[in-house]
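1. attaching a predicted model along with its sequence, questions to come.
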Amino acid sequence: MLVSLPFFALGTSVCLLIGVGIWSYSSSLKISAQNWQDLVAQLHQLNRDGVALVAKEFLAPHRNQIALEPEQMWEMIGGYAALKDMAENAQVLLSLAAYAQQWNFEEGVIVAERMRRDALTLRRAVYRIAWRKAAFLLLPRRLRVLEAFDLDEAVSSYHLMCQRLLALYQTSHAGLYPALAEIL
């Protein structure tokens, strides 16, 4: 009886890994079957100016580093719904970067990897914010303050992803750059 428990755990782990592999492969097939217009149509519109201002406040420090209060930052980006839209857009932006690799493979691979890391930071920050939002009443006040830092990280990561993608399209496919710049 005790010997079968490790085999059960191993079997469950193998099945889980196979399931994740199949899911990943099927999602990559869906992405590769889409053209540029389909990908761009999936992007959610966000408050560009608000996102840029919050991101620059975090990425380019100046003398008054606490000029924006958390409530102002939430208002500028469009609230929690906009944060969720950023997380969804991140996946589309990664697909657009992979799409650009067909024109400029060397730079495209590097930019896509940087964007993947930015997307990971964004997802982690959104997850922490969602967790704190769910456990708001149970958290001590000092842990609620961390939400502003996670918001800074999420918005800055999204802003960096957009800037990286625009720069990649500017050098790789100048014809699609204006349309992409208009949307982002």
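-> Noted; the coordinates are in hand.
2. what's the closest non-adjacent residue to Ala97?
-> Spatial nearest neighbour of Ala97, excluding adjacent residues (Cβ to Cβ, 6 or more residues apart in numbering): Ala112 at 4.2 Å. No exception for glycine: its C-beta is placed from N, CA and C like everyone else's.
3. who are the packing partners of the helix or strand encompassing the one you found?
-> Element membership for Ala112, per DSSP states H and E: helix 105-134. Judged by 3 or more Cβ pairs under 8 Å, 6 or more residues apart in numbering; DSSP states H and E, the packing partners of helix 105-134 are helix 79-100, helix 146-172.
4. ok, which of those comes nearest Asn64?
-> helix 146-172 (15.2 Å; Cβ to Cβ).
5. angle of the closest one against helix 79-100?
-> For helix 146-172 against helix 79-100, the angle by axes from the mean of the first three to the mean of the last three Cα atoms, to 10 degrees is 30 degrees.
6. could you list every helix and strand in contact with helix 146-172?
-> By 3+ Cβ pairs under 8 Å, 6+ apart, helix 146-172 packs against helix 48-59, helix 70-77, helix 79-100, helix 105-134, helix 177-183.
7. so for the last one, what gets flagged as buried?
-> Right, helix 177-183. Tyr177, Leu180 (16 or more other Cβ atoms under 10 Å).
8. where does this protein dip in pLDDT?
-> For the chain, the stretches with pLDDT under 70 are 1-3, 5-7, 9, 17, 20-33, 136-144.
9. how far does the helix holding Ala112 sit from the chain's center?
-> 4 Å (Cα atoms, centre = their mean, to the nearest Å).
10. for that helix, buried residues please.
-> 108, 111-112, 115, 118-119, 121-123, 125-126, 128-129, 132.
11. and which of these is nearest Glu75?
-> Ile129 (15.4 Å).
12. my guess is that closest one contacts Ala154, does it?
-> Yes. Using Cβ atoms under 8 Å, Ile129 is in contact with Ala154, at 7.0 Å.
13. what is in contact with these two at once?
-> Residues touching both Ile129 and Ala154 (Cβ atoms under 8 Å, 6 or more residues apart in numbering) are Leu83.
14. map the structural domains onto the sequence of the protein.
-> Split into domains by automatic domain parsing, the chain comes to 1-33, 35-183.
15. most packed of those domains?
-> domain 35-183 (a mean of 16; mean count of other Cβ atoms under 10 Å).
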